[in-house]
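*Asks:* need coordinates for the following:
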Amino acid sequence: MITINPIKIHGRWFEGYALDLHTLSSEFLGHDPYGHAIFSSKRSELGELLYKLKNKSDKSVIKDIVDTVVNFLNLQWKIIGMIDGIIPIPPSKTGRALQPVMEIAKGVSAAIDIELFSDYIKKEKETPELKNIYDFHERMELLKDIYTINDNKLVNKKVLLLDDLYRSGATLNAAANTLYN
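*Replies:* Purely as a prediction, here's the structure:
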C-alpha cells in the first residue's frame with residue numbers, strides 16, 4: 001500500500017482532503033537544447049504515480065492510485081456509505097487521450113459501488129493549465145463561470161468532488177460554487 005500524508009483542505013465544500021503533496025522538492029537544472037526548463041523533482045509516492053499517469057500515460061498505476069483513494073475513504077475519512085455519488089472535475093487538457101481524473105473516478109466508483117456522475121458538471125470554456133498560475137485570485141478569475149450543471153438530480157445529495165492535483169483549491173471552489181448555486 002502507498003504511504004500518504006492526508007492534508008485537510010478548506011473551501012466551499014463541507015469537508016475535504018488532499019491525500020498528499022505531489023512534489024516534495026524541485027531543483028532547476030537548466031534548459032534543454034529546445035529551451036525547455038529542466039528540473040530534478042522529488043515526488044511523494046502518490047505524486048510519482050500521478051506523474052506517471054498524467055505525463056507518461058502509464059495505465060499500470062491506476063489500480064494503486066484507486067486502492068489508495070478507496071483505502072483512505074474507507075479507513076481514514078470513513079465516508080463510504082455516506083455519499084451519493086462521485087463527480088470528477090473536468091480536465092484542463094481536453095485533448096488528452098487518457099484523462100487521469102476520469103480514470104481514477106471510474107475505478108473508485110466501481111470499487112465502492114457508488115454512482116459516477118461523469119457528465120454532471122460541464123466545462124464551458126477552455127482555460128490554460130493552472131499549474132503555472134500561482135495567484136489564487138488570478139486562478140479564480142480564469143475559472144469564473146467556467147462550469148455548468150446538466151440537471152438538478154443531485155439537489156440535496158452528498159457528493160465527492162474528485163480531482164487529481166490540489167494547489168490552491170481554486171478549481172474545486174469554482175466547481176463547488178457552481179454546484180451550490
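
*Asks:* thought P90 was touching Y120?
*Replies:* No. Shown here, P90 and Y120 do not form a contact pair, counting by C-beta atoms under 8 Å, at 10.0 Å. Every C-beta, even on glycine, is put in place using the N, C-alpha and C of the backbone.

*Asks:* so what pLDDT did Q99 get?
*Replies:* Looking at Q99, its pLDDT stands at 93.

*Asks:* look up the closest residue to it, ignoring the ones flanking it.
*Replies:* Nearest residue to Q99 in three dimensions, chain neighbours excluded: P91, at 5.1 Å (C-beta to C-beta, 6 or more residues apart in numbering).

*Asks:* next structured bit after the lowest-mean-pLDDT helix or strand in the chain?
*Replies:* Across the helices and strands of the chain, mean pLDDT, DSSP states H and E gives its lowest value to helix 136-143, namely a mean of 79. Next along the chain after helix 136-143, taking DSSP states H and E as the criterion, comes strand 147-149.

*Asks:* which residue is nearest the middle of the chain?
*Replies:* By C-alpha atoms, centre = their mean, the chain has its centre lying nearest to D163, at 1.5 Å.

*Asks:* hmm, it is touching V101, no?
*Replies:* Yes. Assessed by C-beta under 8 Å, D163 is found in contact with V101 at 6.0 Å.

*Asks:* quick check: neighbours shared by these two?
*Replies:* Common contacts of D163 and V101 (C-beta atoms under 8 Å, 6 or more residues apart in numbering): 88-89.
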